[in-house]
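In: whatever this is, show me its structure:
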Amino acid sequence: MSAETVRDAMVPEPTTLGADASAQEAGRCFADNGEVRAIFVTEDGGRLVGVVTRKTLVREVVAAGLDPGRVALREIAEPPNFTLDAGLELESAFRFLEEEDLERVPVVEEGGRLVGVLSRAVVQRRLAEDEPPEGEPDPGSVVL
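Out: This is a model prediction of the structure:
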């Protein structure tokens, strides 16, 4: 049995908009779906450019008095501090998320193409499901 990878636990197809999309379009995405926490900005066949949050829109567009219909997301998208490779072993990814105290991280493939997002809460649940119940030996372990 092979170890689980980030690809096995990531949320595929996160909310994305092209780098040329307007801040107004991003605002509409947030307004239409309260579940959306971040919009991933991509270009050139899905290469990740950055991330836009509600906070980004307020700080960079609204508070600056800019016209949201004229501001392209490439101008305000924040480059991600971290990304994870889709093939990384899940336990390694979880340790990384814990060490950096991150809630979610974009998942990329070769060339920086965005393929999903990994959430620490999802990984915690997934890894907990793999642990044997307390008091029971791990399958495959020897009990003497």
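In: mind listing the strands for the chain?
Out: 11-12, 16-18, 39-43, 47-52, 84-85, 104-108, 114-119 (DSSP state E).
In: nearest to A3, out of those?
Out: The closest of the strands of the chain to A3 is strand 84-85. By CB to CB, the value is 14.0 Å. From N, CA and C alone the C-beta is placed, and that goes for glycine too.
In: so can I have a markdown table of the strands of the chain showing mean pLDDT, mean neighbour count and distance to S92?
Out: As requested, those are arranged in a markdown table below (pLDDT from 0 to 100; neighbours: other CB atoms under 10 Å; distance: least, CB to CB, whole Å):
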| stretch | mean pLDDT | mean neighbour count | distance to S92 |
| --- | --- | --- | --- |
| strand 11-12 | 91 | 11 | 19 |
| strand 16-18 | 96 | 16 | 26 |
| strand 39-43 | 96 | 22 | 22 |
| strand 47-52 | 96 | 20 | 20 |
| strand 84-85 | 96 | 18 | 9 |
| strand 104-108 | 94 | 22 | 13 |
| strand 114-119 | 95 | 21 | 12 |
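In: output the lowest mean pLDDT helix or strand found in this structure.
Out: Lowest by mean pLDDT, DSSP states H and E among the helices and strands of the chain is helix 120-130, with a mean of 82.
In: look up the closest residue to L118, ignoring the ones flanking it.
Out: M10 (4.8 Å; CB to CB, 6 or more residues apart in numbering).
In: surely D85 meets V108?
Out: Yes. The criterion here is CB atoms under 8 Å, and D85 meets it with V108 at 6.7 Å.
In: phi, psi for M10 please.
Out: Note on M10: its backbone torsions stand at phi -70, psi 160 [degrees, to the nearest 10].
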